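Trainee: coords below, sequence missing:
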């Protein structure tokens, strides 16, 4: 060792002898305070998140109901197509057709087109269109409740040259779940069901 280099062991012993004894209580108290502040911050963030979800749910509830009602409109329109008439004629009692499932005729429909003005371009504000585009129905199920055939329709005897025509009446149930959200979360959901008598 060089004559001018300090003796590190001697310096360490002298420094340790000069320091007062510490128990470390300040460190423990600081860690406890930090833990309490962290828990308070996490609690406030959770409450804020829950409250914002509740507000979004209340604000978007009418739009999710509109989305469910759009399912009814689209399902009744589908019943008037050749596919819909084919299902009506061949459906057994309590048979369910899932129209909004992947690959179904109403898959991916939003209420943007259902609420668009007829016969003119869509002149509604862009913000309104973006909001309405987020509303759709995730479920649109139609169930055959009762297929009925009414044979008693016709003309009075002697007033027509042909006998009465055969008429069909169907009692169907349409169940819809309207949702408003984006690809990350759903802010509002409404389940609606209607039972109707359909006469093609």
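Mentor: Sure thing, it's come through. These figures come from a predicted structure and were not determined experimentally.
Trainee: Could you list the low-confidence segments of the chain?
Mentor: 1-22, 149-167, 182-185 (pLDDT under 70).
Trainee: for it, which helix is longest?
Mentor: helix 25-79 (DSSP state H).
Trainee: Which SSE is immediately downstream of that one?
Mentor: As assigned by DSSP states H and E, the chain's next helix or strand after helix 25-79 is helix 82-90.
Trainee: Could you list the buried residues of the helix or strand just after that next one?
Mentor: Following helix 82-90 in sequence order, the next helix or strand is strand 96-98 (DSSP H and E). Residues of strand 96-98 classed as buried by neighbour count (16 or more other CB atoms under 10 Å): 97, 98. Yep, even glycine has a C-beta here, placed from its N, CA and C like the rest.
Trainee: Counting by contacts, list what strand 96-98 packs against.
Mentor: strand 135-150 (3 or more CB pairs under 8 Å, 6 or more residues apart in numbering; DSSP states H and E).
Trainee: So what does the residue nearest the centre of the chain have for phi and psi?
Mentor: The chain has residue 179 as the residue nearest its centroid, 3.4 Å off, counting by CA atoms, centre = their mean. Backbone torsions of residue 179, given as degrees, to the nearest 10, read phi -130, psi 150.
Trainee: Having no further points to raise, I will conclude here.
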